[in-house]
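> Sequence first, predicted coordinates after that:
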Amino acid sequence: EVALVESGGGLVQAGGSLRLSCAVRGFAFDEDAIGWFRQAPGKEREGVSCISGSDGSTYYADSVKGRFTISKHNTENTVYLQMNSLKPEDTAIYYCVAQRVGASEYDVWGQGTQVTVSS
């Protein structure tokens, strides 16, 4: 079964850190792009970060640049999102996504993990 399973969300005070994990199951992701989206209540879904499968290049939204780091560990079949200096506006459900080779868009989505940052 193809699946992405997120973990690591929770409640943290502003300025704190969390590390989200995305376990990839059912497909080899070494050549796939893996990313993170988030959606806060009443707001549109936002692309947060992604990492290319082909060359490992990374992308970060301006809102998280310098605070978040995405990494990919092929031997663990896991992608991490290290989130530092968290702000209340980072509060959202975070989704792990994958764009498998040959797909024109992100075609696999996780169930989401809640991140809440208190002020």
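Thanks, I have it. Numbers count the residues shown, from 1 in each chain.

> Report the separation between Ala14 and Leu81.
18 Å (Cβ to Cβ, to the nearest Å). Any C-beta I mention is one placed from the backbone N, CA and C, and that applies to glycine too.

> residues contacting the residue nearest the centre of the chain?
Centroid check for the chain by Cα atoms, centre = their mean gives Trp36 as the closest residue, at 2.8 Å. Residues near Trp36 by Cβ atoms under 8 Å, 6 or more residues apart in numbering: Leu20, Cys22, Gly47, Val48, Ser49, Cys50, Ile70, Leu81, Tyr94, Tyr95, Cys96, Val97.

> Could you find the closest non-adjacent residue to it?
Val48 (4.4 Å; Cβ to Cβ, 6 or more residues apart in numbering).

> Name the next helix or strand downstream of the stretch of helix or strand the residue nearest to the centre of the chain belongs to, please.
Taking DSSP states H and E as the definition, Trp36 sits inside strand 33-39. For strand 33-39, the succeeding helix or strand toward the C-terminus, using DSSP H and E, is strand 46-51.
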